[in-house]
Every structure is written in C-alpha cells, then in structure tokens.
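**Q** predicted model and sequence follow; I will ask about them next.
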Protein chains: 2
Amino acid sequence: MEINVQKCCEILREIDDIVILTHRNPDGDTLGSAFALHYILKQLGKRSRVVCHDVFPKQFSYLLLEYEPEDFEPKAIVAVDVADEKLLGSNLDEYCGKVDLCIDHHGSNKHYAKNWLVRDSAAACCEIIEDICYGFEEAELTKIIADCIYTGVSTDTGCFRYSNTTGHSHAVAGRMFKAGCDFVMINRLNFEVKSFSRIAIEREVLNGMELYFKNRCAIICMTKEMIERTGVLESELEGVPAMTREIEGVEIGITLRARDNGYKISIRTGEEIDASEICGKLGGGGHRCAAGCFVEGDLETAKKTVLKIVAETLGEDFE
Amino acid sequence: MEINVQKCCEILREIDDIVILTHRNPDGDTLGSAFALHYILKQLGKRSRVVCHDVFPKQFSYLLLEYEPEDFEPKAIVAVDVADEKLLGSNLDEYCGKVDLCIDHHGSNKHYAKNWLVRDSAAACCEIIEDICYGFEEAELTKIIADCIYTGVSTDTGCFRYSNTTGHSHAVAGRMFKAGCDFVMINRLNFEVKSFSRIAIEREVLNGMELYFKNRCAIICMTKEMIERTGVLESELEGVPAMTREIEGVEIGITLRARDNGYKISIRTGEEIDASEICGKLGGGGHRCAAGCFVEGDLETAKKTVLKIVAETLGEDFE
C-alpha cells in the first residue's frame, strides 16, 4: 500500500526489533538513510540494526560513530533507498518478499514492500528521512542524524551540482548546518580524498587518452594490466568516466573498461547529445548524459565499434 | 561611514550613471555581485556599467547575457567584493579615493569608500546583493540576477564545500533555484570544464609527483618548460595545488611553481596542520589550510628548503 509520511511514522511507532536494509554497493544515500533511521528509532526506545550485502565502505565510517548494533530476532523489515528487491544483493535473499516498509525516492520503485513511501521528487532518500524525523515529537535531529542526512543529500546530488538538485535539497542542507553537521569533513571524504591507486590509474588514463573528431570526442581505456599494476579497486573507479566530460569542447566521452571477453563501455555527454541513444545502438542504455553498454572483442575492435556509432551521432567521418 | 542594507538602498536610489568596480583577476563573486547590481539598477531605471582591470573571463560570459553597457559620464562609483583599493588593479587607478559606496564581505575591508556595507559573516558578497535586491520593492529577482547571485555563492564556497559555507548560503541558493537559476550549467563551467592545456599540465604534474615522510607529504612541481610546453595560462592553474591534498593520507601538499629567480611555494594542509605557520618560517603567510611563500634558488635548493621545514613540522627526519 502506498503511504504518506504520517502513516509511515505510525507504522514505525508500532514495530520494534527492526532490520534496516540498504542496497548493495552501498552509497551515501542508502547508508545515510539507514543510519539516520536507526538513530531516530533509538530515540524512540526501539532496537534496530543496519544490514547490507557488502561491508560498509571505509569512507562512511563516521556514520557509524554512535552505532551499537543489537542482537535480536527481527520482527520487522524496513528497506531504504532500495528501488527493487534485486538490488539488495544475494546475501540478503532471505529478506525478499518480507519487507514491511520501503522508504525510497526512485520513481522506478517496484512496490515490493507491504507499505511504501516513495517520493520521486526527492533528490535523495535522506530528504524523506528528515521529514520522518520531524514526524516524531520526541525525536531530536541530533548532530549524527544531521551528518547522515547531509551525506545522503550531498552525495546523491554530486555536492549540489547534478540536475536532480532542488531548492528543497538546499533547504534540507541548511537545516543540517543548523544541527551542526560536519559538512567539510563529509565532502572532503566523499569528493576530495583519492587513494594512491586511484591517483595512479588517473595518471595512466590521462597518459593514454585519445581525441577524435576535431577533439569533440575523448576516449580513455582501463586495461586489465593497468588495473592490476595500480591495484585500484572497483569501488575506487567511480567518477573515472566523468573525467572525459571535463575537457573543454568534448561532447562525447568514452571509457573502455576491460572485462573477460570484451569491454564495458561508459559514455558521458553534455545536455545536447543523448548518451543512452548511443549505448542503445549497442544493446545498452542509461540516462541522457550517462549510459553504458558492452562490446565483445579486443580493444581495437571495441574502440572501432563504438567510434563508428559516435561518428554517426556527431555527423563526422570515420575510417 | 558604515551603513546597513536599508541605508545602502537609499544611497543607490539617490545616485545615477554609476560605475561598478570589481577587483582585478575577477572571480565569480565579484562579477556576480557587479552584474546582479547592474541588472537591479536597470530595473530602477538607472544607467550603470561594470568596470574591471582585466577582461571578463570567458567562462563567466553567461553573466553578461542581458548586459548593455551604456556610455555616460560617471556620477557615482560603487565597488563590490573589493576589500582594498589596491585590488582594483592599475588600470583602475583613476577611481582610487573616489569610491562612493563599497559592498563587501571581507572582514579585512579597508573602509576606503565614503560609505561601506561590509558583512563578514557572508560567504559571498552576492549574499549581500540578494538583500539589496529585496530592499527595492520595484526590483524583481529575475533569472539573470539569480544566475549572478548563485555564481557568487557557489564559486566562493567551492560549491558549498569550503568551511566558510553557512546555512544561509544554502538558503540563498534555494531561493535562486526558485528564481530559475541554471545551476547545472554554472557549476559545470566553474567546476568541471578544463582546457586541454590544463589537462596536459595535470598529467605532467601527476607524472612527476614525489612523496616524502611515509607518504605524509606530496610534492609537485611546475617548471617553466612544463608551462611553456603545455601552453597553460596563469588563470588555468587555480586548483592545481589542491591536487596534492586530495591524496589519501597526505597531510601536507607542496606545489612549486617556477619564477624568474626562484620558486613560488603553495602549501595545502588538512585541519590538523597550520600551513600559514610553515610558510611563515619562509617569509610567507596565508590561511590555516592554504598558504604560500617564495624561495630563491634552483629547484633542488627550493625543494630542500621547504622539505626541511615540513620535516620539522611532521617530526620526521630529513637528511
């Protein structure tokens, strides 16, 4: 059943011994939502724990500073920022079909839970969690909750740069400032700090960058050797494809990432060109400015395949 | 005389044929403030033009979209975001001692104008311009004014990341969203787009990066040859020193930039170490996390000089 914030608070008031589920490959919004909800429930005298398919990434450890997971037999299951049960990950299979309440901001939410509070106008699920906090008179928006909520809003909006950012996102951030959130530390950890291996792969990627079609297209490649040599982890590669779009005049940025039998292709574009259309022609898809697909074969074959489609899109000659 | 927003509006209402001065090496805040004020004055039926020591940087051309400078004999001089007359630049010498009104957010403002409205709690001068706009009943906060004000707030706060950001900054941004500001374009131009030569110098800088003291210190160098080879402009080098601080575990980042008879040194640190103290020992100064100084001699000499001081600060051995 679809519910509003008030009904959501009523449901939360009725339950106890709650497992809070996040999606796999957890990001700042699913973790921020989960831990904020945990800290709110704690103030209501309720036991809860946050459960994830993966280990919590190190950079988010500040969200857990006041977290004391308790041992209990779960009586209720809540999922946050999880649009589809499939996104829970295989380690959380046991919860499929058992979610009592889902709080989410994806318009694509599959309505798999008994009750769902979905607001697709929210840039981050944490924006909804803020309202839930205000729904309980006895809950205070403490500093740690402010850190959680700010984390979700800031990371899901790319620090207020992505087009999903709204005036409401800024209003939420302003209220988290009042509650004392440590935005400098949070943004430094999420947007500035890079590992040595990430710096190393950036260097290799920049050294090998190629430009095509009067510099309207940039192409970078991450081979298996480069990834092994630099020791970079999958989780550290986020944002690498975006590097192609940062170059003045580049309309289409292509990133090739070696897989077992071919290349994973990420396309980044400005507002003018539809990346999902390009990837669609190669059996993939995505959003207007960020899309992906897979091409079989060796590096040269993969490059030629994608460059041919890009040439058509740009109205340029190829070969 | 020190004045408040109300008095400032009264003064602006009384004057006409106004020259609006920005500081030299203009940034988003001084230009955003100047053009926002111009568009406000236009609505009041007043003539004004924006004057700067330098040409307006290309990336800010969207601020000028509705700008039609008019030819007139100036009857009043207003300076925005200019803490000191010296910062006007030599081309604007004629205005020294003649500024009628100064609107600024620097605590260090020299009170060189006849009247000054200085609010040092504001992250950006544009935050004050917003209040001035509201001070005129007949002035509407149009989209172009919102673009100007958002530009100042966003650029002076590093897109809401620097420690000067306040809840009020977010509140201002939220109101600019309501007025339709094009924040995606503005942030893309100011924070994402890099020139080919900038990418080239980043690549060279990363390739030559050295680490010292168990990776607690990173050092990068821009030689004259590198700058010539890449063709990078002075204005494109902003943010290069910050690259050193983005590396996991690095507490002190050092950037050396070749000058005629030595090296300009930029030091970046986390909150724990005082960069201005390090630079102070070499005759320079600055802020806690960002400071600079000058060291005479060749590259090896300059490196050794600064590394010796850094070693002391970190309690590490050097030579």
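**A** Received, thanks.

**Q** residue A:53: what's it in contact with?
**A** Counting by CB atoms under 8 Å, 6 or more residues apart in numbering or on different chains, residue A:53 makes contact with A:23, A:24, A:88, A:89, A:90, A:91, A:92. No exception for glycine: its C-beta is placed from N, CA and C like everyone else's.

**Q** quick one: secondary structure of it?
**A** What DSSP: H, G, I helix; E, B strand; the rest coil gives for residue A:53 is coil.

**Q** grab the nearest non-local neighbour of it.
**A** Nearest non-adjacent residue to residue A:53, counting by CB to CB, 6 or more residues apart in numbering or on different chains: residue A:89, 2.6 Å away.

**Q** so what's that neighbour up against?
**A** Contacts of residue A:89 (CB under 8 Å, 6+ apart): A:23, A:24, A:52, A:53, A:54.

**Q** so residue A:206 sits in a helix?
**A** Yes: under three-state DSSP, residue A:206 sits within a helix.

**Q** what pLDDT does it get?
**A** Listed pLDDT for residue A:206 reads 90.

**Q** give me the number of residues near the residue nearest to it when sequence neighbours are not counted?
**A** Leaving aside its sequence neighbours, residue A:206 sits nearest to residue B:203 (CB to CB, 6+ apart; 4.3 Å). Per other CB atoms under 10 Å in any protein chain shown, the neighbour tally for residue B:203 reads 17.

**Q** residue B:203 should be in a helix, yeah?
**A** Yes: assessed with three-state DSSP, residue B:203 lies in a helix.

**Q** against residue B:249, how distant is it?
**A** 22 Å (CB to CB, to the nearest Å).

**Q** how about the residue nearest to residue A:206, what does it touch?
**A** A:203, A:206, A:207.

**Q** okay if I get the residues you listed as a markdown table plus distance to residue A:116?
**A** What follows is the contacts of residue B:203, written out as a markdown table (distance: CB to CB, whole Å):
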| residue | distance to residue A:116 |
| --- | --- |
| A:203 | 45 |
| A:206 | 44 |
| A:207 | 48 |
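
**Q** nearest to residue A:196, of those residues?
**A** Checking the contacts of residue B:203 against residue A:196 with CB to CB, the nearest one is residue A:203 at 10.6 Å.

**Q** model confidence score at that closest one, please.
**A** Per the predicted model, pLDDT is 90 at residue A:203.

**Q** can you tell me how far it is from residue B:46?
**A** Counting by CB to CB, the gap from residue A:203 to residue B:46 is 53 Å.

**Q** now swap in residue A:249 and tell me
**A** Applying CB to CB to residue A:249 and residue B:46 gives a distance of 39 Å.

**Q** residues in contact with stretch A:211-231: which ones?
**A** By CB under 8 Å, 6+ apart, stretch A:211-231 touches A:197, A:200-201, A:204-206, A:208-210, A:237, A:240-241, A:243-244, A:247, A:249-258, A:299, A:303, A:307, A:310-311, A:314, A:316, A:318, B:196.

**Q** now swap in stretch A:137-149 and tell me
**A** Residues contacting stretch A:137-149 (CB under 8 Å, 6+ apart): A:31-33, A:35-36, A:39-40, A:43-44, A:62-63, A:65-66, A:126-127, A:129-130, A:133-134, A:172, A:175-176, A:179-182, A:186.

**Q** same thing but at 7 Å, please
**A** A:32, A:35-36, A:39-40, A:43-44, A:62-63, A:65-66, A:126, A:129-130, A:133, A:172, A:176, A:179-182, A:186 (CB atoms under 7 Å, 6 or more residues apart in numbering or on different chains).

**Q** buried subset of those residues, written for ChimeraX?
**A** Filtering these down to the buried ones (16 or more other CB atoms under 10 Å in any protein chain shown) takes a single ChimeraX command:
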select /A:32,35,36,39,40,63,126,129,130,133,172,176,179,181,182,186
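
**Q** re earlier: for ChimeraX, write the select line for the buried members of the contacts of residue A:89.
**A** A single ChimeraX command selects the buried members of these (16+ other CB under 10 Å):
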select /A:23,24,52,53
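
**Q** mind listing the strands the helix or strand of chain A with the lowest mean pLDDT pairs with, and their directions?
**A** In chain A, no helix or strand scores lower on mean pLDDT, DSSP states H and E than strand A:285-286, which sits at a mean of 86. Sheet pairing of strand A:285-286 (DSSP bridges) gives strand A:290-296 (antiparallel).

**Q** pLDDT averaged over the strand it pairs with - what is it?
**A** Strand A:290-296 comes out at a mean pLDDT of 92.

**Q** tell me which residues are up against whichever helix or strand comes after that strand.
**A** Following strand A:290-296 in sequence order, the next helix or strand is helix A:299-314 (DSSP states H and E). Residues outside helix A:299-314 that contact it (CB under 7 Å, 6+ apart) are A:212-213, A:216-217, A:219, A:221, A:251-252, A:254, A:256, A:262-263, A:265, A:273, A:278, A:281-282, A:295, A:317-318.
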